[in-house]
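> 3D model of this:
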Amino acid sequence: MMISMTGFGQAQTEKKGERFLVTLKSVNHKYFETMFHLPLGIDYLEAFFRSKIQTKIKRGRINITIVHMNESPDVVVLNEALMAKYFTVMEKTKKKLKLDEPLHVSDLINLPGVISSKKDELKIEEREVCLKKAMGEALVKLINMRKREGQALALDLSQRIRYIATHIVSIKKIVARTRSEKKKALVAEEFESFLRSTDVSEELTRIDFHLKSFLKQMKTIEPKGKVLDFVGQELQREINTLGAKIQDKHVAYQVIMVKDQIEKIREQVQNVE
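Sure, this is the predicted structure:
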């Protein structure tokens, strides 16, 4: 199976008014790399998320963004300890100044810090469950998208390999026809010299081997992008050598067509995991 390095996955979970939105984006890269954008208080899970992603993805740059939204109702909090301190200080002040005014609760409640409000928050364990669930769902979506694009890449690459094979058959026919014509037109010594300078049997054999190898590698399970790029590079090298050896306009045309396909193949395999 061929897998692309480009993909997108997004999922969210919600509990008690808290929402966690996890977004994963992947692009092509020589190696496996992660870039995290996490809210404060969640960054300690970075190593866990990286390990989980790496069990499913072997190559590519993965951008991980988590957005935390707390829409739970506000909870009123009474700081009883602070209120007691205020009370003690005020009672001492009253005695010191010999004041008889009564001290009311409202006097204490209105003092700074006694009454505050905050959002009701999930426990750490509850947050982790939500985050891991959203991450898992987003990762599945990302992988599925990479697989779908990989299938499209596989179809495109296999078609281009078949196009190259067709052109190679044409080159073989032209070479065979030219040899036959030269054999009739040249004396034995001249014909032998012609064969030595235009012998491309080695290049044609290697091209055939690399075409078969490319198709075989496409069917393997493990990551294959680097291998396919290497095979494409070897195809390019062999067709260049072949084109340099045979100075024939018909062969030159076929060589140009093959080079064009190889360039497109090498561009495409940059996106293959």
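> longest single helix anywhere in the chain?
Using DSSP state H to define each element, the chain has its longest helix at helix 124-185.
> Just the C-alphas of the next helix or strand after that helix, formatted as PDB.
Toward the C-terminal end, the helix or strand that comes next after helix 124-185 (DSSP states H and E) is helix 188-198. Provided in PDB are the C-alpha atoms of helix 188-198 (Å, rounded to 0.1, in the frame of the first residue of the first chain):
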ATOM      1  CA  ALA A 188      31.900  -5.800 -41.600                       C
ATOM      2  CA  GLU A 189      34.600  -3.700 -39.900                       C
ATOM      3  CA  GLU A 190      32.400  -0.500 -40.000                       C
ATOM      4  CA  PHE A 191      29.400  -2.300 -38.700                       C
ATOM      5  CA  GLU A 192      31.400  -3.700 -35.800                       C
ATOM      6  CA  SER A 193      32.600  -0.200 -34.900                       C
ATOM      7  CA  PHE A 194      29.000   1.100 -35.100                       C
ATOM      8  CA  LEU A 195      27.700  -1.600 -32.800                       C
ATOM      9  CA  ARG A 196      30.400  -0.900 -30.200                       C
ATOM     10  CA  SER A 197      29.700   2.900 -30.100                       C
ATOM     11  CA  THR A 198      25.900   2.500 -30.100                       C
END
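> where does the stretch 101-250 of the chain dip in pLDDT?
By pLDDT under 70, the weakly predicted segments of the stretch 101-250 of the chain are 119-120.
> and if we set it to 90?
101-123, 188, 191, 195, 247 (pLDDT under 90).
> mind giving me the domain ranges of this structure?
Per automatic domain parsing, the structural domains of the chain span 7-72+123-145, 74-119, 151-271.
> I appreciate the help and will end here.
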